[in-house]
Each structure stands twice: as structure tokens, then as C-alpha cells.
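Asker: next input, structure requested:
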Amino acid sequence: MSERMASADVAWLHMEEPTSLMVITAVLWFDGPLDWGRLRETVRERLVERYPRFRQRVVSRGLLGTPHWEDDPDFRLEDHLRRTRLPAPGGRAELEALVGESMGTPLEGSRPLWEMWLVEGHASGDALLVRVHHSIADGISLARLLLTLTDERADGGGRQEGLEEEEDADAGALMRLWRGAREVVGSTRAAWRRGAELLAEPIQLMDLAVVGAKGAGALSRLLALPSEPPSPFRGEIGVRKRVAWSHPVSMDEVRAIGHGTGSTVNDVALAVVAGALRRYVLARGQHQVEDLRAVVPVNLRPPGEPLPRELGNRFGVVFLQLPLRVEEPVARLWELKRRMDRLKSSPEAVVMFGMLAAAGKAPLVLERRAVEVMRRKASLVMTNVPGPKRPVYVAGTRLEGVMFWVPMAAKLGLGLSLFSYAGYLTLGVAADANLVPDPEQLTRAFDVELAALAEAVEEAGGPGPMH
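Answerer: This is a model prediction of the structure:
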């Protein structure tokens with residue numbers, strides 16, 4: 001079987017470079033050893049047999065070398081699900097080092113673009129390292145795929161298929177974005193039916209991609225965004241990556257801050273991240289702190305929709321300017337909330353989805369230029385993924401914690417991820433080793449800033465002005 005790759009997926013395939021791999025990475029750690037045989041059967045039944053992409057490789061067809069999905073005639077699960085052992089003493093530092101090393105290692109291109117490693121020798125129990133190429137699916141979809149491996153009970157009962165949204169208001173905003181996305185996709189496909197004339201007038205790609213969403217104004221704002229200022233997170237990147245993740249913090253603590261300020265959990269978490277970045281920049285000796293822009297993925301699938309068997313990418317991105325220049329924690333939260341509220345009513349995410357879909361069918365040189373625009377206008381990638389609200393099990397063993405990163409696209413040097421699970425929130429940092437050799441400093445700054453914001457809210461005694 002051979003199937004042409006969707007244009008949005010082609011865009012992510014072509015973005016890959018040796019210093020910037022387009023691979024989504026997750027690490028799961030458990031409170032005991034995993035049953036190898038049971039894990040193999042779980043992966044085979046719930047991923048490989050259910051979703052064809054996990055047994056298909058990428059091949060080029062035709063004079064233009066168009067990427068296609070093709071069944072791998074030599075597929076063997078043991079080529080993708082393997083075992084390794086952490087060096088002694090097998091603590092968090094050793095696991096972080098293993099994950100960081102994997103982020104600089106490309107997947108084997110002649111096989112289906114994914115792999116899992118059962119990591120034995122971890123101090124608290126086994127771990128599972130999962131790597132899936134972005135051309136297979138977007139980050140939210142892959143987070144949902146990981147959930148298909150889990151059960152609510154150790155005996156395998158009570159499977160959970162969907163992510164649990166933390167904020168109803170945020171879910172409603174995403175639903176509005178999804179409705180516009182259908183129009184954008186339709187307009188983009190209609191545009192490409194015009195054929196070669198678009199290649200002669202590449203600027204029309206952007207115009208036509210946003211007709212359905214009526215996003216010409218949003219596109220103009222995107223293109224007019226100024227380039228990012230110098231910071232420790234910008235510069236030439238290399239192959240080596242470093243990762244770290246924070247100690248889990250109670251979601252009840254985060255919610256209490258939100259209730260005390262009239263903010264969502266997402267607002268609070270992003271404001272604390274902005275404070276951590278500010279603290280890190282100052283510690284690196286940069287005396288004048290500037291706001292930094294983050295690329296934030298936005299899910300454009302309708303809530304509750306089952307994942308299609310072919311998976312694929314269905315998301316846009318927005319550019320969020322994090323208020324690092326605001327020194328006082330509560331004022332920083334209010335400013336962050338104002339900026340987030342503006343983005344929720346903007347068609348920007350839908351516009352970017354249309355542009356990515358169009359870029360996937362454009363000549364490679366034009367796609368590279370589009371990626372360069374994104375690199376100039378952002379300093380980091382920022383994601384927030386909700387996980388299960390209750391403890392779950394994989395192959396009969398209780399999942400203790402999860403961390404999840406999307407690729408640092410467009411040669412960006414920093415990726416930050418927030419993942420909530422079983423009542424706790426964890427910040428993960430993935431960074432280019434040349435730019436940020438000490439990512440653990442950012443996770444420590446996150447803890448300090450969260451405590452400072454909680455104290456400031458308590459002293460303020462209640463919500464303040466939001467406008």
C-alpha cells in the first residue's frame with residue numbers, strides 16, 4: 001500500500017535538519033519494573049495494529065520526489081521497541097542525560113519513523129522513552145496515543161482514550177478556532193488546484209491560505225512582528241541537546257493562584273514560566289531584560305473527536321509575547337492574561353495552519369524561507385498538555401510521572417513543556433547544549449517564581465484589575 005503524504009505532514013518532514021530534528025519525545029517513569037512481554041503486546045495491539053503509520057515508512061515517488069507512506073515489508077516490532085539500561089546510580093540526572101542524547105540522534109529513515117526504549121536500572125522503577133517523528137502526528141495527537149497504552153487499573157481495565165481539558169473557557173476558544181480551520185483547509189486546497197501559477201507568484205500562497213478564515217489582518221500582523229532581541233536562548237545551535245524537568249507541583253496550588261487573580265490555570269503556569277525565563281536571563285548577566293516571543297501550538301481538532309487511523313497534523317501555532325520586562329509577579333500575571341485573551345479571539349492559529357499546509361506543497365526553498373521567518377520572530381517553543389487527572393497504569397505498572405516535548409522547530413534553541421498528571425504539574429526544559437548548558441537552572445527558577453507569585457497573591461488579598 002502506498003499513500004501520498006498530506007501537505008501539512010510534508011512540511012514537518014522537510015523541516016528536519018541535523019541540528020533540529022523534528023521528533024516528538026516523551027519519557028514516562030514508573031514506580032516499579034515493567035513486564036516486557038505485556039508491554040510488547042500492549043504496543044502491538046494499541047499502536048501498531050490500530051494505526052498504520054507505525055508500520056509504514058516514508059518513500060519518495062515521481063519526478064518531484066513527493067513523499068508517500070508505504071507499508072514496510074520488513075517491519076519487525078523488535079526494531080522499534082528495545083531495551084537499554086541506565087548507568088549507575090540510575091537517578092534523574094542519568095535519565096535526563098539519556099533523553100537529551102536521544103534528541104540529537106536521528107530516527108532510522110529506512111524504517112517507520114518511531115521508536116520506544118524500555119529503560120531499566122532507574123532508581124524508582126523502569127522508564128519508557130518514546131520518540132515519534134512529527135510527520136506522523138502532532139503533539140496533542142501523540143499525547144492521546146500514549147494514553148491508549150494506559151489503563152485505569154493494574155489488571156488492564158478502564159482504558160482512557162482522551163485528554164482531559166482543565167479549563168472549559170479555553171476549550172471553547174479552541175472550538176472556535178477549529179471551525180475556522182476547516183475553512184482555511186478548504187481554501188488552501190482550492191488554491192493548489194490552480195497549479196503552477198502559484199509557484200510563479202509564491203506570495204499568493206499566503207493570501208489564499210487565509211481566505212476562508214478571513215485572516216488577512218492576522219497574517220499582516222504576523223509578518224509585521226519585529227525580530228526577536230538578543231538573549232541567551234538565541235544563537236547558532238548544534239547537535240547536542242540537554243533536558244531537565246522540575247519536581248511536580250500541586251495543581252491545587254496553581255488553581256488557588258488562579259482563583260485569587262481571576263486567571264486560568266494556563267495563565268498562571270505561563271506567567272510563572274515568564275518569571276523563570278526572566279530570572280535565568282538576569283543570572284546570565286544580561287542587564288536589560290526584553291520580552292521574548294514563544295511559538296505556542298494550538299490543537300485544531302474538535303474536542304472529543306476520535307483520532308483518525310491515518311493520524312497526521314491538525315494544529316496551528318500562535319506567537320505569544322511573554323512579559324519578561326514586568327518585574328512584579330502579579331502584574332506579570334495580569335499582563336500575560338491580557339495577551340492570552342487577545343490570542344484566544346484571534347484567527348492567528350488557523351492562519352498558521354493554512355500556511356504550513358501550503359508550505360508542504362511549495363518548493364523546498366520557499367519552505368525554508370518560511371521556517372526562517374519563524375526563527376527570526378520567536379525565541380522558544382512552549383507547549384501545555386493536559387494528562388490524566390487520576391493515576392494510570394501501563395502493562396500493569398503504575399505510572400509515576402510523564403514529560404513530553406515537541407521539536408524545537410525553525411532552529412530554535414529552547415523548548416518548554418508543561419504536563420499535568422494526577423493532580424500535579426511538571427515543567428520540562430529541552431535546550432541546545434551550546435546555548436543553555438544548564439537547563440536545571442530554569443526548572444529551579446520555575447519553583448522559585450511559583451512560590452513568589454503565590455506569596456504576592458496572598459499579600460494582595462484578592463483579584464485585581466484585568467484591563
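
Asker: can you tell me the centre-most residue of this protein?
Answerer: Val406 (3.5 Å; Cα atoms, centre = their mean).

Asker: now it. Nearest residue, chain neighbours left out?
Answerer: Leaving aside its sequence neighbours, Val406 sits nearest to Gly139 (Cβ to Cβ, 6 or more residues apart in numbering; 4.3 Å). No exception for glycine: its C-beta is placed from N, CA and C like everyone else's.

Asker: tell me where the stretch 351-467 of the chain has strands.
Answerer: Counting by DSSP state E, counting those that start in this stretch, the stretch 351-467 of the chain has strands at residues 380-386, 393-394, 397-405, 414-421, 424-432.

Asker: tabulate those strands (CSV), appending distance to Leu64 and mean pLDDT.
Answerer: Below are the strands of the stretch 351-467 of the chain laid out as CSV (distance: least, Cβ to Cβ, whole Å; pLDDT from 0 to 100):
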stretch, distance to Leu64, mean pLDDT
strand 380-386, 30, 92
strand 393-394, 42, 97
strand 397-405, 32, 95
strand 414-421, 32, 96
strand 424-432, 33, 97
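
Asker: picking that back up, the residue nearest to the centre of the chain reaches Leu418, doesn't it?
Answerer: No. With contacts counted by Cβ atoms under 8 Å, Val406 stays clear of Leu418, the gap being 11.9 Å.

Asker: can you pull the residues that touch both of the two?
Answerer: Taking Cβ atoms under 8 Å, 6 or more residues apart in numbering as the criterion, Val406 and Leu418 both touch Thr383.

Asker: just to revisit the earlier point, now do the contacts for the residue nearest to Val406.
Answerer: Gly139 neighbours (Cβ under 8 Å, 6+ apart): 24, 297, 315, 383, 385, 404, 406.

Asker: I'd say the fifth one and Ala143 touch.
Answerer: Meaning Val385. Yes. Val385 lies in contact with Ala143 (Cβ under 8 Å); the separation is 5.0 Å.

Asker: neighbours around Leu118, how many?
Answerer: 19 (other Cβ atoms under 10 Å).

Asker: next, it: secondary structure please.
Answerer: strand (DSSP: H, G, I helix; E, B strand; the rest coil).

Asker: now do the nearest residue to it once chain neighbours are set aside against Arg40, distance only.
Answerer: Once flanking residues are discounted, Leu118 sits nearest to Arg83: 4.7 Å by Cβ to Cβ, 6+ apart. Distance, Arg83 to Arg40, by Cβ to Cβ, to the nearest Å: 11 Å.

Asker: Gly65 too?
Answerer: Distance from Gly65 to Arg40, by Cβ to Cβ: 35 Å.

Asker: more neighbours: which of these two?
Answerer: Arg40 (16 against 10).

Asker: so who does that one touch?
Answerer: Here Arg40 is in contact with 77, 81 (criterion: Cβ under 8 Å, 6+ apart).

Asker: element containing it?
Answerer: Using DSSP states H and E, Arg40 maps to helix 36-43.

Asker: follow-up on the earlier one: quickly find the element holding the residue nearest to Leu118.
Answerer: Here Arg83 is assigned to strand 81-85, by DSSP H and E.

Asker: okay, now the unreliable bits of the stretch 201-350 of the chain?
Answerer: Confidence mapping of the stretch 201-350 of the chain against pLDDT under 70 gives the ranges 201-223, 345-350.

Asker: tell me where it has strands.
Answerer: Using DSSP E, counting those that start in this stretch, strands in the stretch 201-350 of the chain cover 241-245, 249-250, 292-299, 315-322.

Asker: list the contacts of the first one.
Answerer: It stands for strand 241-245. Taking Cβ under 8 Å, 6+ apart as the rule, strand 241-245 contacts 96, 99-101, 103-104, 403, 405, 426-433, 436-440, 442-443.

Asker: mind giving me the PyMOL select for those residues, buried ones only?
Answerer: A single PyMOL command selects the buried members of the contacts of strand 241-245 (16 or more other Cβ atoms under 10 Å):
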select buried, resi 96+99+100+103+104+403+405+426+427+428+429+430+431+432+433+436+439+440+442+443
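
Asker: how far away is Leu442 from Thr25?
Answerer: Distance of Leu442 to Thr25, computed by Cβ to Cβ: 17 Å.

Asker: how about Gly415?
Answerer: With Cβ to Cβ as the criterion, Gly415 and Thr25 are 9 Å apart.

Asker: list the contacts of the closest residue to Phe404 other than its chain neighbours.
Answerer: Closest residue in space to Phe404, ignoring its immediate chain neighbours: Ala26 at 4.6 Å, by Cβ to Cβ, 6+ apart. Applying Cβ under 8 Å, 6+ apart to Ala26 gives the contacts 129-131, 142-143, 146, 402-405.

Asker: what of Leu28?
Answerer: 127-128, 130, 146, 394, 399, 401-402.

Asker: same check on Arg153?
Answerer: So Arg153 contacts Tyr393 (Cβ under 8 Å, 6+ apart).

Asker: give me the domain ranges for this structure.
Answerer: Per automatic domain parsing, the structural domains of the chain span 2-151, 168-381+413-460.

Asker: can you list these in CSV and add distance to Lys389?
Answerer: Formatted as CSV, the domains of the chain follow (distance: least, Cβ to Cβ, whole Å):
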stretch, distance to Lys389
domain 2-151, 12
domain 168-381+413-460, 7
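
Asker: can I get the contacts of Ala26 in CSV with distance to Arg111?
Answerer: Formatted as CSV, the contacts of Ala26 follow (distance: Cβ to Cβ, whole Å):
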residue, distance to Arg111
Leu129, 17
Val130, 16
Arg131, 12
Leu142, 18
Ala143, 23
Leu146, 20
Val402, 26
Met403, 25
Phe404, 23
Trp405, 22
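
Asker: between Gly415 and Thr25, what contacts are shared?
Answerer: Shared contacts of Gly415 and Thr25, counting by Cβ under 8 Å, 6+ apart, come down to 405, 430.

Asker: how about the helices in this structure?
Answerer: Counting by DSSP state H, the chain has these helices, from start to end: 7-15, 36-43, 92-102, 139-148, 168-192, 197-200, 203-209, 216-224, 251-261, 265-283, 329-344, 348-359, 364-377, 440-460.

Asker: skip the chain neighbours and tell me the closest residue to Gln441.
Answerer: The nearest residue in space to Gln441 (Cβ to Cβ, 6+ apart) is Tyr280, at 5.9 Å.

Asker: ok, Leu427 next?
Answerer: Spatially, and ignoring its direct neighbours in sequence, Leu427 is nearest to Ser246 (4.3 Å; Cβ to Cβ, 6+ apart).
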